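Q: Predicted model and sequence follow; I will ask about them next.
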Amino acid sequence: MQASAATVSSPQPARRDPIAELIAPSPRVLAIQRALADFGYGQIKPTGNFDAATRVAIEKFERDRKLPVTGQISERFVRELSAMTGRPLE
């Protein structure tokens, strides 16, 4: 009796991990952190992850620029920071 052909399994497609996506470094956050650090808005380690130091630096920038203090990355904040640095933050 002949052995049946071995079943060849195809690799499973990579599963999407929503948690990993949430904690993965963001190029935009990294650019913002670098700009804030370059212009003296705190001892920020550019990691690409939004953290407390980044929030505090954003709040300081917002106060200095007479913006509403939110500590968040908003489109208005990005426009103001980009205008100040003279470079896009993407």
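A: Alright, I've got the coordinates. Numbering: from 1, shown residues only.
Q: Could you tell me how many residues sit around residue 24?
A: Neighbourhood size, residue 24 [other Cβ atoms under 10 Å]: 10. C-beta here means a position set from N, CA and C on the backbone, and glycine is covered the same way.
Q: Let me know the pLDDT of the closest residue to it other than its chain neighbours.
A: Spatial nearest neighbour of residue 24, excluding adjacent residues (Cβ to Cβ, 6 or more residues apart in numbering): residue 48 at 7.9 Å. Each residue has a pLDDT score; the one for residue 48 is 94.
Q: Could you check which helix or strand contains residue 44?
A: Using DSSP states H and E, residue 44 sits in no helix or strand.
Q: Hmm, residue 58 and it touching each other?
A: No: contact between residue 44 and residue 58 fails when scored by Cβ atoms under 8 Å: they sit 9.9 Å apart.
Q: Residues that sit against both of these two, list them.
A: Listed as contacting both residue 44 and residue 58 by Cβ atoms under 8 Å, 6 or more residues apart in numbering are residue 36.
Q: Between those two, which has more neighbouring residues?
A: Remark: of residue 44 and residue 58, residue 58 carries more neighbours, 26 against 19, as counted by other Cβ under 10 Å.
Q: I'd like to check which residues are in contact with that one.
A: Counting by Cβ under 8 Å, 6+ apart, residue 58 makes contact with 32, 36, 41, 70, 71, 72, 73, 77.
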